[in-house]
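A.B. asks: fold the following and give me the result.
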Amino acid sequence: MSKGKVLMAMSGGIDSTMASLILHEQGYEVIGLTMKTWDYESSGGSKKETGCCSLDSINDARQLAVDCGFPHTVLDIREEFGDFIIDNFVDEYIAGRTPNPCVLCNTHIKWEALLKRADMLKCDYIATGHYAQIREENGRHIVSKGIDDNKDQSYVLWGVKQECLKRTLFPMGKYHKSDIKKMAYDRGYKALAEKNESYEICFIPDNDYRSFLKRRVDGLEERVKGGDFVNTKGEVIGSHEGYPFYTIGQRRIGVSLGDDPTYVIEINPLQNMIVVGTKEDLQRQEMFVKSVNYSKYPEIKDGMICLVKVRYKHKGELATITNDGDNLKVLFHKKVEGIAPGQSAAIYEGDDLIAGGFIMKK
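C.D. replies: Residues are numbered from 1 along each chain as shown. This is a model prediction of the structure:
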């Protein structure tokens, strides 16, 4: 007896491949779908085509579907991906912020594309290989951390809306990565278990975003080169290569404040100026979050104490949350390093993701 029909997003990597196999063995009627978001040839980078959009990855996903006897298809979303995700990526760097394309892609592209095709195929659910968990409680669909702390991906899911979450399955949330690798070995997928994982942004396979920006924006290098490095007192201490080519918290930037390590602590695009300082200068205790999406609760009450992550690999710090119009004010209980406008803030109650948004400069 089928548990229902599920459209499985398959990248060709071990996680989504084994997730589809888990669902298949649990009795779901699985249809595999691989989304092609980008042509590596058009990136102009130097690295060989790898990752979720490569022909090898698409063929790997299809082979698993053939082995298990369920259908597989490829969905071309290059046009909508490029128009929205890549344009936003470029615009954010030009505005002096640090973008998070994976969060935007999940929120505005992948889930919408999956649900649209799921409706066409009369699927009850959609599923992905993210290491996260989901449950329904008090009429809300709540994302929580996967049990593998080292692989938990709930941080990149803060923007997924309730109407999408209610039809979403996360088969990987109750597994550790080591369990998944063993499962792949035991089922005869040795090459898959040993396959290198890609951590680069999918449309920048050589991981060189600066060269990507230069190729993408005509005359960018000439427009922004020769700006000033200044210290926290506003004193000019050197010249930089152009503000879009730096990020908050970056070191090894070509100038020094002396014996202490020197970091980018602020980017001023209007003046093409970069403020540098010490590790202590990089720390902040307050930030504001915009474009908030609420998950566990329809709102956050003033004074709520939560754990807040400001980067994917950030362990998170306790903070008191208050409302600031449509935005949220986050007051950390101790200073946090490297808060970068444009990056995501994910807000937790225990292991539950309760809200998230984009860090803003106020």
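A.B. asks: which residues are in contact with stretch 153-166?
C.D. replies: Residues outside stretch 153-166 that contact it (Cβ atoms under 8 Å, 6 or more residues apart in numbering) are 100, 102-104, 106-108, 111-112, 115, 126, 130-132, 134, 136, 140-141, 143-146, 168, 293, 295, 309, 312, 344, 346-348, 353, 355-357. To be clear about C-beta, it is placed using only N, CA and C from the backbone, and glycine gets the same treatment.
A.B. asks: actually stretch 58-72, sorry about that
C.D. replies: 10-13, 16-17, 20-21, 24, 29-34, 36, 74, 189, 192, 195.
A.B. asks: and what of stretch 278-290?
C.D. replies: With contact meaning Cβ under 8 Å, 6+ apart, stretch 278-290 is reached by 232, 248-249, 257, 260-263, 265, 310, 324, 326-332, 334-339, 345, 347, 356-360, 362.
A.B. asks: what residue is smack in the middle of this protein?
C.D. replies: In the chain, the C-alpha nearest the mean C-alpha coordinate belongs to residue 102, at 3.4 Å (Cα atoms, centre = their mean).
A.B. asks: going along the chain, name the helices of the stretch 151-300 of the chain.
C.D. replies: Taking DSSP state H, counting those that start in this stretch as the test, the helices found in the stretch 151-300 of the chain are 162-165, 177-186, 190-193, 209-216, 220-224.
A.B. asks: determine which stretch of these is the most buried.
C.D. replies: Each of these was scored by mean neighbour count; the highest is helix 209-216, a mean of 18, by mean count of other Cβ atoms under 10 Å.
A.B. asks: which strands and helices sit next to that helix?
C.D. replies: Contact here means 3 or more Cβ pairs under 8 Å, 6 or more residues apart in numbering; DSSP states H and E; on that basis helix 209-216 packs against helix 87-94, helix 220-224.
A.B. asks: distance from the chain centre to the shortest one, please.
C.D. replies: In this view, helix 220-224 has its centroid 28 Å away from the chain centroid, taken as Cα atoms, centre = their mean, to the nearest Å.
A.B. asks: what's the answer for stretch 191-203, then?
C.D. replies: 15 Å.
A.B. asks: repeat that for stretch 307-319.
C.D. replies: 14 Å.
A.B. asks: could you identify the buried members of the contacts of stretch 278-290?
C.D. replies: With burial judged by 16 or more other Cβ atoms under 10 Å, the buried subset of the contacts of stretch 278-290 is 248-249, 257, 262-263, 265, 310, 327-330, 332, 336-339, 345, 347, 356-360.
A.B. asks: returning to what we had before: assign a three-state SS to the residue nearest to the centre of the chain, would you?
C.D. replies: Counting by DSSP: H, G, I helix; E, B strand; the rest coil, the backbone at residue 102 sits in helix.
A.B. asks: surely it touches residue 203?
C.D. replies: No - contact criterion Cβ atoms under 8 Å: residue 102 and residue 203 do not qualify, at 11.0 Å.
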